[in-house]
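Visitor: attaching a predicted model along with its sequence, questions to come.
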Amino acid sequence: MNYTTIKTTISEAKEQISYLKLIFNEDFMQL
């Protein structure tokens, strides 16, 4: 893996993490 691929993977992971946090927060508010 080269540097660009690693950077892309990290940024995609960050987007997925923030998306999961958004879902988790919405679920948490509904409890």
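Guide: Noted; the coordinates are in hand. Residues are numbered from 1 along each chain as shown.

Visitor: what score does residue 31 have for pLDDT?
Guide: Note for residue 31: predicted pLDDT of 61.

Visitor: check residue 16 too.
Guide: 95.

Visitor: and the helix or strand encompassing residue 16, what does it pack onto?
Guide: Residue 16 is part of helix 3-30, with elements assigned from DSSP states H and E. Of the remaining helices and strands, none touches helix 3-30 by 3 or more CB pairs under 8 Å, 6 or more residues apart in numbering; DSSP states H and E. In this view, the C-beta of every residue, glycine as well, is placed from N, C-alpha and C.

Visitor: ok now it, how far from the chain's centre?
Guide: 1 Å (CA atoms, centre = their mean, to the nearest Å).

Visitor: same thing with stretch 1-19?
Guide: 9 Å.

Visitor: so which bits of that stretch are buried?
Guide: Buried residues in stretch 1-19, counted by 16 or more other CB atoms under 10 Å: none are found.

Visitor: run through the chain and note the low-pLDDT ranges.
Guide: 31 (pLDDT under 70).

Visitor: now do 90
Guide: 1, 23-31 (pLDDT under 90).

Visitor: not counting sequence-adjacent ones, nearest residue to residue 9?
Guide: residue 1 (7.9 Å; CB to CB, 6 or more residues apart in numbering).

Visitor: now do residue 13 against residue 6, distance only.
Guide: Look at residue 13 and residue 6: by CB to CB, to the nearest Å, they are 11 Å apart.

Visitor: revised request: answer the last question for residue 18.
Guide: Residue 18 is 19 Å from residue 6, by CB to CB.

Visitor: same check on residue 21?
Guide: 22 Å.
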